[in-house]
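Visitor: I would like the atomic coordinates for the input below:
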Amino acid sequence: MKEFSEKIWQENEYNYAAAYGFIPSIHSYIHDEASDENRDCMLIVPGGGYCMCVSHEGELVAKVFYEQGMNVFVLSYTTDITMSVPLKKQPLEDISRAVRFIRKRAGEYHIKDKKLIVCGFSAGAHVCGSLAVHYDDVEDKSSEYKDISNRPDGAILAYPVITCGEKTHIYSVQTLLGYEPTEEELDYFSLEKNVTEDTPPCFLWQTATDDLVPVDNSYMMAKALKEKGVMFAHYVFPSGFHGLSYPNDEFFQGLAGGQYTFEQLEKAIKAVKAGKGVNVSDKRRKELEEQFPDIKPDEDLTGEAQPVEEAQPQEAEAAKQDEPEEQPQGLPPIDKTWIEDIGLWPELARVWMNRIA
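Guide: Numbering: from 1, shown residues only. The predicted model follows:
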């Protein structure tokens, strides 16, 4: 297996205000072989409420599709653990560039003329779904990439955030769009409202008992895909908590691997603890210090502190709410029979991928 990481943006192309030195990247899991056999490609996009890219939705799943014979990449895209600088379209631009970046190197990555599938979880599924419905909106300003297609051949959306309406995951929307999004923004990122006949095929799965993102989200997307005549598969498993990724013994033992997905999170926490957070309120700084006690401040940071804005009324009100589902103290009760049904989803997805022309 060839493993390596590559930045998808040049420093002068990427200017998200709360990056803290992070640049989005892809991490590869490519078959190391003497032959030039080309393989289908999977781009995995972890979730994390747009606050981070969680590791158990990266490498663990990547290795499953690698074993299926695919060449696989994990995308570490722009997130904001401080919830202070709305992401807007930056994650969409990240995944769009990642698809173009990979396709430009199709010969090197042994994926030439093969399918490229994006696979996202939770908020990462929202990133993938956003590309599926808005790929034509994303213009790459680089002459190196602008003529390369960013339309995926298919999208796997696992326990996805789909809507920005009543059934949304409010913290994902707040981190993505801020605390006062416009109706236009809410409509644009309500994916069920933007499906067209040209949306690529989709594979959706979720559990009926999802405790964080209402299962209504995947039903909304399936309905929209059906109405537009887009090929799709939709599986709803009877039980299981949010974030099950690929539920095998390794998952339940906490052996996910792929800690590289936490790069931006760690850089942001170090900056906040050093007093260099961008527009981070005192309340949010204290929350992060308590939540991540083992991450030390970056003592090399110098210069003037970034401006700090007081929390807006909506932010202050949201902060008052209890968030046990956001920061659980350990896993909910585990039912190992989830391995028997939910654990089949990659095989079901493979059958679906084989049907894509």
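
Visitor: any idea how far Val72 is from Ser122?
Guide: 19 Å (CB to CB, to the nearest Å). Just so you know, the C-beta spots here come from the backbone N, C-alpha and C atoms, and that holds for glycine as well.

Visitor: is Phe73 in a helix, a strand, or coil?
Guide: Put simply, Phe73 is strand when judged by DSSP: H, G, I helix; E, B strand; the rest coil.

Visitor: where in the stretch 251-357 of the chain is pLDDT low?
Guide: Applying pLDDT under 70 to the stretch 251-357 of the chain flags residues 301-332.

Visitor: for burial, what's the neighbour tally of the nearest residue to Pro181 once chain neighbours are set aside?
Guide: Excluding the flanking residues, the one nearest Pro181 by CB to CB, 6 or more residues apart in numbering is Val173, at 7.1 Å. Around Val173 there are 24 other residues, counting by other CB atoms under 10 Å.

Visitor: and Val173, which helix or strand is it part of?
Guide: Element membership for Val173 (DSSP states H and E) is helix 170-177.

Visitor: where do the strands sit along the stretch 1-150 of the chain?
Guide: Taking DSSP state E, counting those that start in this stretch, the strands of the stretch 1-150 of the chain run over residues 5-7, 25-29, 41-45, 71-76, 116-121.

Visitor: where is the longest helix in this protein?
Guide: Longest helix of the chain, by residue count under DSSP state H: helix 90-104.

Visitor: and that helix, which residues are buried?
Guide: Applying a neighbour-count criterion of 16 or more other CB atoms under 10 Å, one finds 90-103 buried in helix 90-104.

Visitor: where are the low-confidence patches of the stretch 1-150 of the chain?
Guide: Along the stretch 1-150 of the chain, segments meeting pLDDT under 70 span 34-35.

Visitor: show me where it has helices.
Guide: Assigned by DSSP state H, counting those that start in this stretch, the stretch 1-150 of the chain shows helices spanning 59-67, 90-104, 123-134.

Visitor: so which of the ones you listed gets nearest Trp352?
Guide: Closest to Trp352 of these is helix 59-67 (CB to CB; 12.8 Å).

Visitor: just how off-centre is that closest one within its chain?
Guide: Its chain's average C-alpha position is 16 Å from that of helix 59-67, according to CA atoms, centre = their mean, to the nearest Å.

Visitor: can you give me the buried ones in that helix?
Guide: Glu59, Leu60, Val61, Ala62, Lys63, Val64, Phe65, Tyr66.
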